[in-house]
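In: Structure of the sequence below:
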Amino acid sequence: MDVDGFLRDIRGSAAYRGQIVHVHEVPPRPPRYAEPQPQLAPAARRLLEAMGVSRLWRHQAEALEALRAGRDALVVTGPASGKSLCYVVPIVEMLASGGGRALLLFPTKALCQDQHQSFRAGLEAAGLGRTPTGVYDGDTPATMRRRLRDRAAAVFSNPDMLHAAVMPQHARWAAFLAELRWLVLDELHVYSGIFGANMANLLRRLERLCEHYGSRPQVVA
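Out: Predicted coordinates:
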């Protein structure tokens, strides 16, 4: 259903009668595309083709160029604007080159599971379906936790697991932390107040551990 159809249904619904006081329509803006330089790796091209993406939005290309230059990136755009590709593409390019690992943190378990499923589908499309990845949360069996710790190229998790299960056993995660190239912080805007203060301290601890094991992961938020 398109937006116009959705609004028509609400306006005609008895449950909403008398509740709608104003409807404001924002006119569409012309799309702004850009081609990153250098061009995307073949694996990333295959990923985008499978998703039906023919060109990158400007904010995606700019984020990718910043990350390729070794800088961290904070992407702030509206919903459904392709922010996830800003970290998926560089991770796919890293995996296609054969080295490095990624840690992706999400504020909820449901979002983490959903994003991992999308990521796996992307890896299949990119020709990297054999790459070991997985979700590391409270529901992950012990055998799978060990497998992810020892072999996974990309671990999808949440701040609680990083605090309670990864960093207290950092010696067991030494190989993963030593090769960590990407740290993804999805939905960064939810980390506010006390939650945000705790998250800031958590990331400082993680940064010290990475430095101890000889890595300096780039941050994509």
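
In: contacts and neighbour counts: CA atoms only from here.
Out: Will do.

In: need the next SSE after the longest helix along the chain, C-terminal direction.
Out: Determined from DSSP state H, the single longest helix within the chain is helix 193-212. Using DSSP states H and E, the helix or strand that follows helix 193-212 towards the C-terminus is strand 218-220.

In: any low-confidence regions in the protein?
Out: Residue ranges of the chain with pLDDT under 70: 1.

In: all helices of it, in order?
Out: Using DSSP H, helices in the chain cover 3-12, 42-50, 58-68, 85-97, 109-126, 142-151, 159-161, 174-178, 193-212.

In: got TSV for those helices, with distance to Val21 too?
Out: As requested, the helices of the chain are exported to TSV (distance: least, CA to CA, whole Å):
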stretch	distance to Val21
helix 3-12	11
helix 42-50	41
helix 58-68	35
helix 85-97	37
helix 109-126	33
helix 142-151	52
helix 159-161	41
helix 174-178	54
helix 193-212	33
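
In: Next, count neighbours for Phe106.
Out: Look at Phe106: counted by other CA atoms under 10 Å, it has 20 neighbours.

In: For it, what are phi and psi?
Out: phi -130, psi 150 (degrees, to the nearest 10).

In: quick one: it and Ala152, what's the gap?
Out: 17 Å (CA to CA, to the nearest Å).

In: Now tell me what touches stretch 213-221 from outside.
Out: 67, 70-75, 86-87, 174, 177-188, 207, 210 (CA atoms under 8 Å, 6 or more residues apart in numbering).

In: Between the two ends of that stretch, what distance do you get?
Out: For stretch 213-221, the end-to-end distance is 23 Å (CA to CA).

In: can you tell me how far Ala126 sits from Val135?
Out: 20 Å.

In: Ok, Gly99 next?
Out: 20 Å.

In: With neighbour numbers in mind, choose between those two.
Out: Val135 (23 against 12).

In: which ones are touching the closest residue to that one other than its chain neighbours?
Out: Spatially, and ignoring its direct neighbours in sequence, Val135 is nearest to Phe156 (4.7 Å; CA to CA, 6 or more residues apart in numbering). By CA under 8 Å, 6+ apart, the contact set of Phe156 is 103-106, 112-113, 116, 133-136.

In: since we're on the nearest residue to Ala61 once chain neighbours are set aside, how many residues are nearby?
Out: Sequence neighbours aside, Pro36 is the residue nearest to Ala61 in space, at 4.9 Å (criterion: CA to CA, 6+ apart). The number of residues packed near Pro36 is 19, by other CA under 10 Å.

In: Next: the one 10 residues further on.
Out: Per other CA under 10 Å, the neighbour tally for Arg46 reads 19.

In: got it, and the one 3 residues further on?
Out: Counted with other CA under 10 Å, the burial measure for Glu49 works out to 14 neighbours.

In: Convert the C-alpha atoms of stretch 19-26 to CSV, please.
Out: The C-alpha trace of stretch 19-26 is given here as CSV (Å, rounded to 0.1, in the frame of the first residue of the first chain):
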residue,chain,number,x,y,z
GLN,A,19,-9.0,12.5,15.7
ILE,A,20,-7.2,13.9,12.6
VAL,A,21,-6.9,17.6,12.9
HIS,A,22,-4.3,18.3,10.2
VAL,A,23,-2.5,16.6,7.4
HIS,A,24,0.8,18.1,6.1
GLU,A,25,2.3,16.8,2.9
VAL,A,26,6.0,17.3,2.3
